[in-house]
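Asks: From the sequence below, what's the structure:
(one chain, ligands or ions: 2)
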Amino acid sequence: MSSTPTNLIDFLVNQANGVKGLADLNLASVPHQYIQPLQARLDHTKIVTQKSIPIIDFTKWEDPDVQDSIFDAATKWGFFQIVNHGIPSEVLDDLKDAVHRFFELPAEEKQCLKDNSPPEVVRLASSFSPYAESVLEWKDYLQLVYASEEKIHAYWPPICKDQALEYMKHAEALIRKLLKVLLKKLNVKELDKAREHTLMGAMILGFNYYPACPDPEVVAGVGPHSDVSSITVLLQDDIGGLYVRGSDGDSWIYVPPVEGALVINIGDVLQIMSNERCKSIEHRVVANRSKTRISIPIFVNPAPDAVIGPLSEVLDDGDEPKYKQLLYSDYFKYFFSKAHDGKKTIEFAMI
Ligand SMILES: O=C(O)CCC(=O)C(=O)O
Ligand SMILES: [Fe+2]
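Replies: Ligands and ions are numbered 1, 2, ... in the order given. Here you go, the predicted structure:
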């Protein structure tokens, strides 16, 4: 049995071993840096099993009834799953295989990728913001920015590039449809170029890797947070571990893996732009004792230079604005400057 590396952050981050490298040491228990204080751990008595987020058939997405159910889910739950979304199952399966292949690369290759990647295109990290957190999260992640074809071909890792790009091409069409439905319900007639820049001007494909953990009860896979996206489109594998905050603000609802489905959630940007009609709901991930889990979010983000704030079409209905107008890059930087802290990020945008 091995012991914890003396300089843990150096081992995880600079040597690019990640928590995958730590898990491969087969430690009997997790290093103290991962142990969450009692009040931060998931209280199992708060888990609700009788409720679940809606599952929506996306086949007839232009049908007004389907659009109503999407908006209803966005306003009441902030989270829903979609099936029959049009992305072929082979594209999803090939992507999941590619994610495993990527994280199974030797640390030297990951380090080489880190050293040679411009952070505006490719970022490899462990935990969330390890230099800003007092307790680490049991997760490694890769972020691939959906930049120009030229940058993608130059910098996305060859071991997963084709599968990631194929998925993004399909997903982009789906994202446009989802945003059109949500905007229509907010009285915005079309998704023109300016709105595209604001709502989907910078998309990031994330690969999340949660290795099996000897003490899943005491660590956070991901601590409670809401996403800073417009919307997030998440592909999860069949292991499970995602929980979303119930509407009472106290309970946690399990999001079961559904074969072929994508989990959609509203992010802070759409909560702000809809002046709180759409809800950006807190969620968290629990690690697994015996199995590695992966998940693949697309963070549909505004361009960094976009100004976000309540839409005029929403305020025209007589609403008082609850949020100010602010530069998205300021919001994004603020999110990463601290540990995950529930719904606190959005206070940065409140009037
Ligand atoms: O792994 C998951 O199911 C969700 C991950 C997540 O919430 C995130 O990456 O923002
Ligand atoms: Fe999230």
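Asks: and Phe332, how many neighbours?
Replies: Other residues lying near Phe332 total 19 when counted by other C-beta atoms under 10 Å. (C-beta placed from N, C-alpha, C; glycine too.)
Asks: longest helix in the protein, by residue count?
Replies: helix 161-185 (DSSP state H).
Asks: Please identify the buried residues of the helix or strand following that one?
Replies: Stepping forward along the backbone from helix 161-185, the first helix or strand reached (DSSP states H and E) is helix 193-200. Judged by neighbour count using 16 or more other C-beta atoms under 10 Å, the buried positions of helix 193-200 are Arg195, Thr198, Leu199, Met200.
Asks: same question, stretch 344-351
Replies: Thr345, Ile346, Ala349.
Asks: close to ligand 1, is that stretch?
Replies: No - Stretch 344-351 stays out of contact with ligand 1 when judged by C-beta under 6 Å from any ligand atom, the minimum separation being 12.1 Å.
Asks: can I get the CA coordinates of that stretch in CSV?
Replies: What follows is the C-alpha trace of stretch 344-351 in CSV, where atoms were taken according to Å, rounded to 0.1, in the frame of the first residue of the first chain:
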residue,chain,number,x,y,z
LYS,A,344,-23.7,32.5,-3.9
THR,A,345,-22.1,33.4,-7.2
ILE,A,346,-25.3,34.9,-8.5
GLU,A,347,-25.3,37.5,-5.7
PHE,A,348,-22.5,39.1,-7.6
ALA,A,349,-25.0,40.1,-10.3
MET,A,350,-27.9,41.1,-8.0
ILE,A,351,-29.1,44.7,-7.8
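Asks: so how far is that stretch off the chain centroid?
Replies: Relative to the chain's own centre, stretch 344-351 is displaced by 19 Å; criterion: C-alpha atoms, centre = their mean, to the nearest Å.
Asks: Give me the phi and psi angles of whichever residue of the stretch 251-351 of the chain sits closest to ligand 1.
Replies: In the stretch 251-351 of the chain, the residue that lies nearest ligand 1 is Ser295 (3.2 Å; C-beta to the nearest ligand atom). For Ser295, the backbone dihedrals are phi -140, psi 160 (criterion: degrees, to the nearest 10).
Asks: Can you report how many residues lie near it?
Replies: The local packing of Ser295 (other C-beta under 10 Å) involves 25 other residues.
Asks: follow-up on the earlier one: the longest helix of the chain: which residues count as buried?
Replies: Burial within helix 161-185, assessed by neighbour count using 16+ other C-beta under 10 Å, is assigned to 161, 163-168, 170-171, 174-175, 177-183, 185.
Asks: Please tell me how far the most centrally placed residue in the chain sits from Asn288.
Replies: In the chain, the residue lying closest to the centroid (C-alpha atoms, centre = their mean) is Pro297, at 4.6 Å. Distance of Pro297 to Asn288, given as C-beta to C-beta, to the nearest Å: 18 Å.
Asks: Now do the strands in the stretch 101-250 of the chain.
Replies: For the stretch 101-250 of the chain, applying DSSP state E, counting those that start in this stretch gives strands covering 122-126, 140-145, 202-210, 222-225, 231-236, 242-245.
Asks: okay, the fourth one in CSV with CA atoms only?
Replies: Put plainly, it is strand 222-225. Once non-C-alpha atoms are left out, strand 222-225 reads as follows in CSV (Å, rounded to 0.1, in the frame of the first residue of the first chain):
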residue,chain,number,x,y,z
VAL,A,222,-18.5,18.2,-7.0
GLY,A,223,-19.8,20.4,-4.1
PRO,A,224,-23.1,22.2,-4.3
HIS,A,225,-23.1,24.9,-7.0
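Asks: my read: Gly241 touches Lys291, true?
Replies: No - the pair Gly241 and Lys291 fails to qualify as a contact (C-beta atoms under 8 Å) at a distance of 9.4 Å.
Asks: Looking at the two, which is more packed in?
Replies: For Gly241 versus Lys291, the count of surrounding residues by other C-beta under 10 Å is larger for Gly241: 21 against 15.
Asks: ok, now how distant is the more buried one from His44?
Replies: Gly241 sits at a distance of 14 Å from His44 (criterion: C-beta to C-beta).
Asks: Ok, Lys185 next?
Replies: If you measure Lys185 against His44 using C-beta to C-beta, the figure is 36 Å.
Asks: One more: Lys114?
Replies: From Lys114 across to His44, the span is 37 Å (C-beta to C-beta).
Asks: tally of neighbours for the residue in the stretch 1-150 of the chain that ligand 1 sits nearest to?
Replies: Distances between the stretch 1-150 of the chain and ligand 1 by C-beta to the nearest ligand atom are smallest at Tyr141, namely 7.0 Å. Tyr141 has 21 neighbours, counted by other C-beta under 10 Å.
Asks: give me every residue that touches it.
Replies: For Tyr141, the contacting residues are Leu124, Ala125, Ser126, Gly206, Phe207, Asn208, Tyr209, taking C-beta atoms under 8 Å, 6 or more residues apart in numbering as the criterion.
Asks: for the residues you listed, which one is nearest Lys338?
Replies: The shortest distance between Lys338 and any of the contacts of Tyr141, using C-beta to C-beta, involves Ala125 and amounts to 15.0 Å.
Asks: what is the closest one paired to in the beta sheet?
Replies: Assessed by DSSP bridges, Ala125 has beta-bridge partners Tyr141.
Asks: Tell me which residues touch it, please.
Replies: By C-beta under 8 Å, 6+ apart, the residues touching Ala125 are Val13, Asp140, Tyr141, Leu142, Gln143.
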